[in-house]
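Undergrad: Got a predicted structure here, sequence first:
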Amino acid sequence: MDFVASIGFEETHQPQHIIFIRLLIASALGALIGFERGAQSGTAGLRTHILIALAAALFTTLAFEIYSEALEGGSQNADPIRAIEAVTAGIAFLGAGAIFQQRGNVQGLTTGAGMWLAGAVGVCAALGYYVIAIAVAVFSVLVLAAMRAFSHRVVSAGNAKIGGGTEPDGSR
């Protein structure tokens, strides 16, 4: 252990195997959301959502590790919420990049929202709220699938009444 300490290894306050489990759960749930988005030709899919959820979980874990260190060091004003705010701002920046306007048509809003949600699920998993994280990820996929089916049905019915037009995917 002397060699490990000599190269700067730090023990974590949370057991490392718990941290790894939380990161794995965040990645898996990000994959669940990303798989749905990628299957629908979203601008961000499986890999993007996994990385967002994993990064959010890692930043949350690091925030609370730093918070614990600060408290042990005697700090009275440690604030882990600032790290969560930074994670949220970073994901918002990525989400905004997925949203674009073209000829009066806005695209990518659902993908941006999915990215934001993947980050929130990552934070949730990092805090150890597994049941909530799993429920939110599953619920989001169900909502996305149900609303897609509903919108396709409504658009198709509207096009049939009008006598043509384009399908929801832009084809004729």
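TA: Thanks, I have it.
Undergrad: secondary structure element for the residue nearest the centre of the chain?
TA: By CA atoms, centre = their mean, the mean C-alpha position of the chain lies nearest to Ala118, the distance being 1.4 Å. Using DSSP states H and E, Ala118 sits within helix 109-126.
Undergrad: so what does that helix touch, helix or strand wise?
TA: Under the contact criterion of 3 or more CB pairs under 8 Å, 6 or more residues apart in numbering; DSSP states H and E, helix 109-126 touches helix 16-39, helix 46-72, helix 81-98, helix 130-162. All C-beta spots, glycine's among them, are computed from the backbone N, C-alpha and C.
Undergrad: so how far is that helix from its chain's centroid?
TA: 3 Å (CA atoms, centre = their mean, to the nearest Å).
Undergrad: ditto for stretch 87-95
TA: Distance, centroid of stretch 87-95 to centroid of chain: 10 Å (CA atoms, centre = their mean).
Undergrad: again with stretch 80-98
TA: 10 Å.
Undergrad: who touches it?
TA: 43-44, 48, 52, 55-56, 59-60, 62-64, 66-67, 108, 111-113, 115-116, 118-119, 123 (CB atoms under 8 Å, 6 or more residues apart in numbering).
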